[in-house]
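Chemist: Sequence and predicted model, in that order:
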Amino acid sequence: MVYTFSSSTPWWRHLAAGLRFATETTVVSDLPEADVYIIPAFYRHLHTGGCDDVALRELGPDVCNDVIARCRLLRHLERSQAMAMIGAMWQTIEELLDRYQPELFICFLIDRYILDLAERALARRGVRYVGLAVGIPPDYVMFMARGEHLPVREPDEAEVDRIVAALTRSDFRPTYVATNRFTYRRFLRLWAKFTARWLVFEFLMVWRRNPLDFRYVATRWARCGYRVRLRDWRVMSFFRPDWRTVFEQTPFEDRVFIGLSVNPEAAIEYWVRDRSLVDYADVLDRVAASFGRAGLRLFVKDHPSQFGFRQFELFDRLARHDCVTFVPYDVSGREMIDKCHTTFTWTGTVGFEAAMIGRAVIAEEGAYYLIDDAFLVMRSLADIDAMPARIRAFRAPNDLQDLQRRLVRILLRATVPGSYMAFRDFHPDDAAAVAATASLVDSFNRYLPQLATRRVPPARADGGFYDPRHLRSVDDPPAAAADRREA
């Protein structure tokens, strides 16, 4: 079963057609161009009534709370509305799985309540949800649902050497990091584009009689992350002309780099284990308060892709802490990683990059690249208060090359060749576009069968998720999975 998003259906159909191990594929979605369009069933259940009771009976209050807290749409709706949508969608998904009995579910990462519920329903049946994520090295992808580490292969020494060399270059930049100009003119273009998009969606919501479509409703509010507000140009006023002077006057061991992520972001909402760490602004506010008391200075740099979308309220809240200095958009994130003793992240790539050069890295336990002895692991909001002392006690690794190879080996075990961005403007009649998918199709056929045969860990009753290290132990190593298939 393949689930598609907007503008990706032709690409997913092409990939599905190339799955040699599959005897049958079904393309499903909340988009009408899918083989199975789930929205009519969703409204049928919703209009029948009693969906909130279904949600409580089938999932329990803790799981419902978790689903709402993690979804960028549901947490902004009235609770009664959110509960009704959960109950209606759960019944829709259960009917879908009963009818088609999939043995493998393929999609992008979980980033909304529909896919969250789908993964939970699949786990009850022992069926693997395989999500596709862009890899850190160019032209690689990762398989995961909620950021978990899923090893599927053992890289050889030559590949490890090659990737270490690529990722330790001073000019390395992940392919998904934007390099746009940060001007008022571009800001206005973004405002015009996404305001028009919102108005079109408001029309389509009525025209298509689909008032609860995730995309349409989420676009209505800027806090869901899909709108640009004119007043958010004020973010640019927080960048002090003398920030480099402040930076140079700060001792190296007191510099903490915070590279803000795209927000809302699945890598925080659905990868973070402890829900108290999902509230982006609260976590940053606590970091600033705790680190400031310890005499550390925070250099906060926004993600390039957030230009125009970052709401000034976050910057205004952080600016109240004297220890915070904002870094302009056009400053290289790699420069900040290189010149700061500590990097703070949730699960972002900046944490991996900083660890590769031996810096102290604070990362949430849901990060797929964690090696416990190389990171300052954050498991709860309360852990933040202890981090300044752990930063002071941190010592750079004695053998940096050994650490780099360990990190890259862990990364590559769960990373396979394939072009993630090829879904954009894909057309099956475009020979170049088809050629760009060849490595990904090969990786699907090589590695997905073993994932389909591995045991899926059961869902926790409290709605939480197992420690990612436990997920690793649950999975059979690739060799064992192959032996089991042969037997």
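Modeler: Alright, I've got the coordinates.
Chemist: need the longest helix for the chain.
Modeler: helix 184-207 (DSSP state H).
Chemist: Just give me how far it sits from the chain centre.
Modeler: Chain-centre distance of helix 184-207: 24 Å, with C-alpha atoms, centre = their mean, to the nearest Å.
Chemist: buried set for that helix?
Modeler: Within helix 184-207, the residues that count as buried by 16 or more other C-beta atoms under 10 Å are 187, 190-191, 194, 198, 201, 205. C-beta here means a position set from N, CA and C on the backbone, and glycine is covered the same way.
Chemist: got it, and stretch 393-401?
Modeler: Under the neighbour-count criterion of 16+ other C-beta under 10 Å, stretch 393-401 has residue 394 buried.
Chemist: residues in contact with the helix or strand containing residue 416?
Modeler: Taking DSSP states H and E as the criterion, residue 416 maps to strand 415-417. Residues outside strand 415-417 that contact it (C-beta atoms under 8 Å, 6 or more residues apart in numbering) are 135-137, 139-143, 152-153, 439-440, 442-443, 446-447.
Chemist: before we move on, back to that, could you name the helices and strands sitting against the longest helix of the chain?
Modeler: helix 214-218 (3 or more C-beta pairs under 8 Å, 6 or more residues apart in numbering; DSSP states H and E).
Chemist: which strands and helices sit next to the helix it packs on?
Modeler: Partner elements for helix 214-218 (3+ C-beta pairs under 8 Å, 6+ apart): helix 184-207.
Chemist: Can you name the residues in contact with the helix it packs on?
Modeler: With C-beta under 8 Å, 6+ apart as the test, helix 184-207 has contacts from 180, 210-211, 213, 215-217, 219-220, 226-230, 233, 307-309.
Chemist: Let me see the contact set for residue 285.
Modeler: 317-318, 321.
Chemist: Quick check on it: phi, psi?
Modeler: Here the main-chain torsion angles of residue 285 (degrees, to the nearest 10) amount to phi -60, psi -40.
Chemist: so the spatially closest residue to residue 288 that is not a sequence neighbour, which of the three states?
Modeler: Leaving aside its sequence neighbours, residue 288 sits nearest to residue 321 (C-beta to C-beta, 6 or more residues apart in numbering; 3.9 Å). What DSSP: H, G, I helix; E, B strand; the rest coil gives for residue 321 is coil.
Chemist: how about residue 321, what does it touch?
Modeler: Residues in contact with residue 321, defined by C-beta under 8 Å, 6+ apart, are 285, 288-289, 292, 298.
Chemist: Can you tell me which of those residues are buried?
Modeler: The buried subset of those - by 16+ other C-beta under 10 Å - is 285, 288, 292, 298.
Chemist: So among the contacts of helix 184-207, which ones count as buried?
Modeler: Buried, going by 16+ other C-beta under 10 Å: 210, 213, 215-217, 219-220, 226-228, 307-309, out of these.
Chemist: pLDDT added to those residues, as a markdown table?
Modeler: Below are the buried ones among the contacts of helix 184-207 laid out as a markdown table (pLDDT from 0 to 100):
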| residue | pLDDT |
| --- | --- |
| 210 | 93 |
| 213 | 92 |
| 215 | 89 |
| 216 | 91 |
| 217 | 91 |
| 219 | 90 |
| 220 | 86 |
| 226 | 86 |
| 227 | 88 |
| 228 | 91 |
| 307 | 90 |
| 308 | 88 |
| 309 | 90 |
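Chemist: Which of the buried ones among the contacts of residue 321 fall in strands?
Modeler: residue 298 (DSSP state E).
Chemist: wait, which of the buried ones among the contacts of residue 321 is closest to residue 268?
Modeler: residue 285 (15.2 Å; C-beta to C-beta).
Chemist: Pull the number of nearby residues for residue 132.
Modeler: Burial of residue 132 is recorded as 20 neighbouring residues (other C-beta atoms under 10 Å).
Chemist: Centre of the chain to the strand or helix carrying it, how far?
Modeler: For residue 132, the host element (DSSP H and E) is strand 128-134. Strand 128-134 sits 11 Å away from the centroid of its parent chain (C-alpha atoms, centre = their mean).
Chemist: for whatever helix or strand comes next after it, the distance to its chain's centre please.
Modeler: Tracing the chain past strand 128-134, the next element assigned as helix or strand by DSSP H and E is strand 140-144. With C-alpha atoms, centre = their mean as the basis, strand 140-144 stands 12 Å off its chain's centre.
Chemist: Which secondary structure elements does strand 140-144 sit against?
Modeler: Against strand 140-144 (3+ C-beta pairs under 8 Å, 6+ apart) you get strand 128-134, strand 415-417, helix 438-453.
Chemist: what's in contact with that strand?
Modeler: By C-beta under 8 Å, 6+ apart, strand 140-144 touches 109, 130-135, 150, 152, 368, 414-420, 440, 443, 447-448, 451.
Chemist: Try it again at 6 Å.
Modeler: Contacts with strand 140-144, where a contact means C-beta atoms under 6 Å, 6 or more residues apart in numbering, come from 130-133, 135, 150, 414-415, 418, 420.
Chemist: Give me the distance between residue 235 and residue 220.
Modeler: Distance, residue 235 to residue 220, by C-beta to C-beta, to the nearest Å: 22 Å.
Chemist: Would you mind listing the residues in contact with the most centrally placed residue in the chain?
Modeler: With distances taken as C-alpha atoms, centre = their mean, residue 267 lies nearest the centre of the chain, 2.6 Å away. Contacts here follow C-beta under 6 Å, 6+ apart; on that basis residue 267 touches residue 347.
Chemist: Pretty sure residue 327 sits against residue 301.
Modeler: Yes - proximity of residue 327 to residue 301 meets the contact threshold set by C-beta atoms under 6 Å, at 3.9 Å.
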